[in-house]
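A.B. asks: Just need the structure, nothing else, for what follows:
(one chain, ligands or ions: 1)
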Amino acid sequence: MLSEAQVQMVQDSFTKVAPIADTAASIFYDRLFTIAPEVKPMFANADMAEQGKKLMTTIGIAVKGLTNLEKIVPTVQNLGVKHLDYGVKKEHFSIVGEALLFTLEKGLGDDWNDELKEAWATTYQILADTMIDAMEKATAEKAAGKGFMEKIKDFLGLGEKA
Ligand code: HEM
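C.D. replies: Okay, the predicted model is just below:
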């Protein structure tokens, strides 16, 4: 959970990062691909400048939405499900979180401190947990759906090994 003071802190600091969004996005991806080169192929089809803009816009929307979290939850859940198609796994979230905190530290310079780090880490965790929950749920539903279809096929005698 975020306190009101933490929400304020995160929102204020983001207004300082927003004007340098392009720089921040490039710091972010440089850092991400340095600490986790294995995720690079996932972005093979992405226009990185465009991707960077989307990332910053989304973080901006999320940061704005912190005062009214319930409102942004469905959007964040949908974003999570989309990430399944990109091949993103649960374990990638901590790496992305690290790259994000690194980016904020570099982008904010003297304004960065432990308190702000804690507030941003919690913010990211809330987003990541919401996305991961939705991804797990979608995966489970897909598996259940597949099981159901297999049962129907078996029932109709259409199964591969009936
Ligand atoms: C809170 C965490 C995250 C946020 C807010 C976020 C945000 C976004 C957004 C807004 C998009 C664009 C979706 C669209 O085009 O409709 C996107 C795409 C993508 N994200 Fe994330 N993301 C997060 C975590 C991750 C993680 C952990 C990974 C794993 C490395 C990842 C990898 C990707 C990839 C591969 C794409 C698609 C690139 C493309 O081909 O266009 N994201 N993300």
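
A.B. asks: Below-threshold pLDDT in the protein: ranges please.
C.D. replies: Where the chain drops to pLDDT under 70, the residues are 146-148, 151, 159-162.

A.B. asks: As a check, name the ranges of all helices in it.
C.D. replies: Per DSSP state H, the chain carries helices over the ranges 4-17, 21-35, 48-65, 69-85, 92-108, 114-156.

A.B. asks: okay if I get those as JSON lines plus mean neighbour count?
C.D. replies: For the C-beta atoms, the positions are set from N, CA and C on the backbone; glycine is no exception. Formatted as JSON lines, the helices of the chain follow (neighbours: other Cβ atoms under 10 Å):
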{"stretch": "helix 4-17", "mean neighbour count": "16"}
{"stretch": "helix 21-35", "mean neighbour count": "17"}
{"stretch": "helix 48-65", "mean neighbour count": "16"}
{"stretch": "helix 69-85", "mean neighbour count": "15"}
{"stretch": "helix 92-108", "mean neighbour count": "19"}
{"stretch": "helix 114-156", "mean neighbour count": "15"}
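
A.B. asks: quick one, which of these is nearest to Met42?
C.D. replies: helix 92-108 (8.5 Å; Cβ to Cβ).

A.B. asks: counting contacts, what elements does that closest one pack onto?
C.D. replies: helix 4-17, helix 21-35, helix 114-156 (3 or more Cβ pairs under 8 Å, 6 or more residues apart in numbering; DSSP states H and E).

A.B. asks: Can I get the helices of the chain in CSV including distance to Pro41?
C.D. replies: What follows is those, written out as CSV (distance: least, Cβ to Cβ, whole Å):
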stretch, distance to Pro41
helix 4-17, 28
helix 21-35, 10
helix 48-65, 13
helix 69-85, 14
helix 92-108, 12
helix 114-156, 19
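
A.B. asks: As a markdown table, the helices and strands packed on helix 92-108 with distance to the ligand would be great.
C.D. replies: Listed next are the helices and strands packed on helix 92-108 as a markdown table, based on distance: least, Cβ to the nearest ligand atom, whole Å:
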| stretch | distance to the ligand |
| --- | --- |
| helix 4-17 | 13 |
| helix 21-35 | 7 |
| helix 114-156 | 4 |
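
A.B. asks: would you list the ones you listed in JSON lines and tack on distance to Ala49?
C.D. replies: Listed next are those as JSON lines, based on distance: least, Cβ to Cβ, whole Å:
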{"stretch": "helix 4-17", "distance to Ala49": "17"}
{"stretch": "helix 21-35", "distance to Ala49": "8"}
{"stretch": "helix 114-156", "distance to Ala49": "23"}
